[in-house]
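[1] Quick one: sequence plus predicted model below, questions after.
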Amino acid sequence: MRWLVFLLLLGTPAAAVTCDDFDHEGKSYTACHVDAAREALRLFHADEDGTVLGSFSAVEATLDVEMLSFAMNAGMYHDDRAPVGHYVENGIEKMRVITTEGPGNFGLLPNGIFCVNDGSAQVYETLQYVDLQPRCRDATQSGPMLVIDGALHPRFLPDGTSRFIRNGVGTSADGTQAVFVISNDPVSFFEFGTVFRDYLKLPNALYFDGKVSRLHAPSLGRSDIGFQLGPIVGVVDNGMD
C-alpha cells in the first residue's frame, strides 16, 4: 500500500503556482507565488488576427493542451484596450517606452516595467530600464512603482483616503521569484505598497491597476469576471511535472 501511495504521488503534477489568502494590517489579500526560474510565465494581449483577448477564458482558448494555472491583468490600457505604455510579447515590441510624467496613476512617476525572460522576471523602474536596456521576451509598463529598492514610492501618503481593489507584482532580487498580489478589500497605495515591502519583503514592486483588477487562480476555485482587459500575465502549465 505504501508503494502504491508513493507511485501515485510521483504521478501527481507539481503545482505550477502557489496561491494563498492572507491578512496584512487588517486587510485581506491574495498572493500567487511563481517560480520564474521554472514556470512558463507569459504575457497575452491579442490573438494571431490582432483581436484583443480581454479575458482569462479567451486566453485559455488560444492554448492547445496547456492550461492557465494563474493569470492576472497586467498593465493599464486605453479605451481600445491597447497598452498605455511599453509592451513586448514574444520578443515583438508593440508599444514603446513612455518616460514622461502624465495624468493618472500611470504617470505618477516613478513608474516601472515588468520584464520576463525564460527563467527570470524582474521589475525595473522605467529610467533604470532605459539605462540598462535589458532584453525581455515579454514586458509590460505600468505605474506607479510600489516599492523601489526596498523603499515605498515617495508620493504615497500613510493617511491616503483613495481606496480601491488593487493588484500588482513584486520580484526577488535575483529574478527567480515573482509574487502577484490582489487586494480583496479596498486599500490605499500606501497600504498596498507595504504588502510588498513589509509582508513579502520584495525589493521592487509595480502597480498594475485598480477597479478593474482581476485574478484567475484555479487552485483557489477563483476566476474573476468583469471589465474586458488589456494586457494579461499568466503561467501556462502543460500538466506535467
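    Thanks, I have it. Owing to the predicted nature of the structure, the values given are computational and were not obtained by experimental measurement. Numbering: from 1, shown residues only.

[2] C-alpha from now on. contacts and neighbour counts both.
    Fine.

[3] what about stretch 200-215, start to end distance?
    Start to finish, the residues bounding stretch 200-215 are 19 Å apart (CA to CA, to the nearest Å).

[4] where's it relative to the chain centroid, distance-wise?
    In terms of CA atoms, centre = their mean, to the nearest Å, the centre of stretch 200-215 is set 7 Å apart from its chain centre.

[5] ditto for stretch 133-141
    Distance, centroid of stretch 133-141 to centroid of chain: 14 Å (CA atoms, centre = their mean).

[6] just the CA coordinates of it, formatted as CSV?
    Output in CSV follows, covering the C-alpha atoms of stretch 133-141 (Å, rounded to 0.1, in the frame of the first residue of the first chain):
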residue,chain,number,x,y,z
GLN,A,133,18.2,48.2,-21.8
PRO,A,134,17.6,44.6,-20.6
ARG,A,135,16.5,42.1,-23.2
CYS,A,136,12.9,41.0,-22.4
ARG,A,137,11.0,38.3,-24.1
ASP,A,138,7.8,39.9,-22.6
ALA,A,139,7.5,43.3,-21.0
THR,A,140,4.7,45.5,-19.7
GLN,A,141,4.9,49.0,-18.4
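
[7] ok, and what's touching that stretch?
    42-43, 74-75, 84-92, 97, 111-118, 126, 231 (CA atoms under 8 Å, 6 or more residues apart in numbering).

[8] Selecting buried members of these in PyMOL, what would you type?
    Of those, the buried ones go into a single PyMOL selection, burial set by 16 or more other CA atoms under 10 Å:
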select buried, resi 42+43+74+75+84+85+86+87+88+89+97+111+112+113+114+115+116+117+126+231
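
[9] any chance you could map the helices in the chain?
    Using DSSP state H, the helices of the chain run over 2-10, 56-61, 126-132, 189-194.

[10] Among these, which one carries the weakest average confidence?
    Lowest mean pLDDT within the helices of the chain: helix 2-10, a mean of 35.

[11] where in the protein is pLDDT low?
    Where the chain drops to pLDDT under 70, the residues are 1-16, 239-241.

[12] again, only using 90
    In the predicted model, the chain carries pLDDT under 90 at residues 1-17, 64-66, 102-104, 211, 238-241.

[13] so who does the nearest residue to residue 101 once chain neighbours are set aside touch?
    In space, and not counting its chain neighbours, residue 101 is closest to residue 107: 4.7 Å by CA to CA, 6 or more residues apart in numbering. Counting by CA under 8 Å, 6+ apart, residue 107 touches 100, 101, 143, 144.

[14] And for residue 180?
    31, 32, 33, 34, 167, 168, 169, 170.

[15] now swap in residue 108 and tell me
    Contacts of residue 108 (CA under 8 Å, 6+ apart): 101, 102, 143, 144.

[16] Residue 223 now?
    Residue 223 makes contact with 56, 214, 215, 216, 217 under the criterion CA under 8 Å, 6+ apart.

[17] Go through those and say which is closest to residue 69.
    residue 217 (6.6 Å; CA to CA).

[18] For that closest one, give its distance to residue 126.
    29 Å.

[19] What of residue 223?
    Relative to residue 126, and taking CA to CA, residue 223 is found at 31 Å.

[20] can you check residue 232 too?
    Taken as CA to CA, the span from residue 232 to residue 126 is 20 Å.

[21] Ok, residue 68 next?
    Residue 68 is 29 Å from residue 126, by CA to CA.

[22] again, but for residue 172
    17 Å.

[23] Can you report how many residues neighbour residue 163?
    16 (other CA atoms under 10 Å).

[24] quick one, what contacts it?
    186, 187, 188, 189.
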